[in-house]
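>>> Here is a sequence with its predicted model. Questions after.
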Amino acid sequence: MPRLSRKHIISEYFEVMNSMRRLFMNMEHCSERTFTRAQMGVVMMVAHRSINTVKGIAKHLGITPSAATQIVNGLVEAKMLNKTPDENDRRQVNLTLSSKGRAFLESSEKAMHDRFTKMLEPLTNEELNELTRIQKKIADSFRSLSEHYSISE
């Protein structure tokens, strides 16, 4: 069997990753999703990253404050987020996850975990450990590249 060039192997890896991304997005699309990907991202930011202002969300997503406001207002209207005036700056509002938002996030994360568990079922524990080790190595490489190009996570 001929030895493949690094360029060819990287191209194959890229194709596999794109295929997995498409399959994952299709799986996500088929599930009953009531919120956009951007809205889910904002809910996760407020819950897990402690980003609790429209300005912080806009900066993190690389969008305008008015676009972030539209996303946040939709989530407030859906009772997923609460807005509270900042005690020190009345022009600013702080965002917190509502009880409905927390319940939705927990069920979404459980569904995601269940999907990944099913998807990774064919792998042995040894293969899963190896996959995790390699993915961490790739993530570290991405992080160092993003620092080099001043890209935030």
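Happy to help now that I have it.
>>> What sits closest to the residue nearest the centre of the chain if chain neighbours are left out?
Centroid-nearest residue in the chain, with Cα atoms, centre = their mean: residue 41, separated by 5.7 Å. Of all residues not flanking residue 41 in the chain, residue 61 sits nearest, at 7.0 Å (Cβ to Cβ, 6 or more residues apart in numbering). The way it works is simple: take the backbone N, C-alpha and C, and place the C-beta from them, glycine included.
>>> residues in contact with the one you found?
38, 41-42, 68 (Cβ atoms under 8 Å, 6 or more residues apart in numbering).
>>> how about a cut-off of 10 Å?
Applying Cβ atoms under 10 Å, 6 or more residues apart in numbering, we find residue 61 in contact with 38, 41-42, 45, 51, 67-68, 71, 152.
>>> Could you tell me the per-residue confidence at residue 92?
At residue 92, the predicted lDDT confidence score is 88.
>>> surely it meets residue 65?
No - between residue 92 and residue 65 there is no contact under Cβ atoms under 10 Å: 11.4 Å.
>>> what do the two both touch?
Shared contacts of residue 92 and residue 65 (Cβ under 10 Å, 6+ apart): 53-55.
>>> quick one: which of these is most hemmed in?
residue 54 (23 neighbours; other Cβ atoms under 10 Å).
>>> The residue lying closest to that residue once chain neighbours are set aside is in what secondary structure piece?
Spatially, and ignoring its direct neighbours in sequence, residue 54 is nearest to residue 68 (4.9 Å; Cβ to Cβ, 6+ apart). Taking DSSP states H and E as the definition, residue 68 sits inside helix 65-77.
>>> which other helices and strands contact that helix?
helix 37-44, helix 54-61, strand 81-85, strand 93-97 (3 or more Cβ pairs under 10 Å, 6 or more residues apart in numbering; DSSP states H and E).
>>> What about residue 79, how many residues nearby?
Neighbour number of residue 79 under other Cβ under 10 Å is 12.
>>> That one contacts residue 102, correct?
No - contact between residue 79 and residue 102 fails when scored by Cβ under 10 Å: they sit 11.3 Å apart.
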